[in-house]
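K.L.:
Generate a structure from the sequence data that follows.
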Amino acid sequence: MNAIRVESLTKRFETLTALDQLSLEVKRGELFGLVGPDGAGKTTTMRLLCGIMDPTSGEAWVTGHSILKEPERIKEKIGYMSQRFGLYGDLTVLENILFYADLFDVPKSELPERIEKLLGFSNLTPFKDRLAQNLSGGMKQKLGLACALIHTPEILFLDEPTFGVDPISRGEFWQILYGLLKEGVTIFVSTAYMDEAERCHRIGLLNRGKLIACDEPDQLKLTTKEAFFEIKSKDRKRTKQIIDTMPSVKGSGLFGDSIHIRLETFEKLDQILQSLKGIGIEAEAREIAPSLEDIFISMTQSQEGTHAA
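P.N.:
As a prediction, the model looks like this:
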């Protein structure tokens, strides 16, 4: 049985459709990533699956329980860490964990072992008596995770858990998640970071409330039939503006100090470079293997019918 099954899940807020006919499945023990920009519908999806809000239409089952008929049963079996997890700054690390243990009615006989384990794997043991408000951003996220795990959930929902966290702490956080996978926990995480999406077993690409693709990251990279190229010039913004007017260019995006473009064939590249040279822009180009970010931009541009990135 799947850990999560979603069928045509839709959520509207007056005239805004935040989630539009979402359908997907998540296997038990899987690390599934919901990937998309701000406003894509990631948080709405999380709240619906956790039984926090009701859908406009559609249905979903989490640990075999309906979000429509059994939301309270679902809450007993999941851990949910929102973007702004409710830590209490005037409580210590240990006191926060104990507070959530009380909320979930964790048996007192099991508390010492669970707390020791959670503090250990999150590397918070030396800081158990420190006030939560005095923790770094990365340590607060680890504490939030420990609180979400105190009742040993079957599924862990994480809504952009590393947003605003430094790269080192982000890496440490993901190592903790890999440890949870080994224990059989199913993890459903949302993120706007493509490097984090690469870490997932499978991902769903979400844009403007619609699921535009769902597969393993490496498989998604193989779906494109277009050629990708990197172009560099001294004035990349002007170069991109000009490139976007060329009918042979199917899409483009700024990546660091370069521009990534999509073409149907390699032969079109020479024409582009010659056109740029004709208006005084010297540029160099090379073919590249598309990254997951390239694929996502390609799919969203195709969905929206625009070159913009």
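
K.L.:
What's the first helix or strand after the host helix or strand of residue 60?
P.N.:
For residue 60, the element it lies in under DSSP states H and E is strand 57-62. Next helix or strand after strand 57-62 toward the C-terminus (DSSP H and E): strand 65-66.

K.L.:
can you map out the helices along the chain?
P.N.:
42-49, 71-77, 93-103, 111-121, 137-149, 167-182, 194-197, 217-221, 236-243, 268-278, 292-304 (DSSP state H).

K.L.:
and the angle for the first one with strand 57-62?
P.N.:
Between the axis of helix 42-49 and that of strand 57-62 there is an angle of 70 degrees, by axes from the mean of the first three to the mean of the last three C-alpha atoms, to 10 degrees.

K.L.:
Identify all contacting residues around helix 42-49.
P.N.:
4, 6, 9, 11, 18-19, 22, 34, 36, 53-55, 60, 62, 67, 80, 82-83, 157, 159-160, 188, 190, 206, 209 (C-beta atoms under 8 Å, 6 or more residues apart in numbering). In short, each C-beta sits where N, CA and C put it, glycine included.

K.L.:
now the fifth one
P.N.:
Counting by C-beta under 8 Å, 6+ apart, the neighbours of helix 137-149 from elsewhere in the structure are 79-81, 85, 87, 93, 96-97, 99-100, 118-119, 122-124, 127, 132, 135, 156, 158, 161-162, 164-166, 168-170, 172-173, 176, 180.

K.L.:
What's the PyMOL syntax to select whichever of those are buried?
P.N.:
In PyMOL syntax, the buried subset of those is picked out as below (16 or more other C-beta atoms under 10 Å):
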select buried, resi 79+80+81+85+87+93+96+97+100+118+119+122+124+127+132+135+156+158+161+162+165+169+170+172+173+176+180
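
K.L.:
List the beta-bridge partners for the spatially most central residue of the chain.
P.N.:
With the centre of the chain defined as its mean C-alpha position, the nearest residue by C-alpha atoms, centre = their mean is residue 191, 2.0 Å away. Residue 191 has these beta-bridge partners by DSSP bridges: residue 35.

K.L.:
picking up where we left off before, among the contacts of helix 42-49, which ones are in strands?
P.N.:
Counting by DSSP state E, the part of those found in strands is 4, 6, 9, 11, 18-19, 22, 34, 60, 62, 80, 157, 159, 188, 190, 206.
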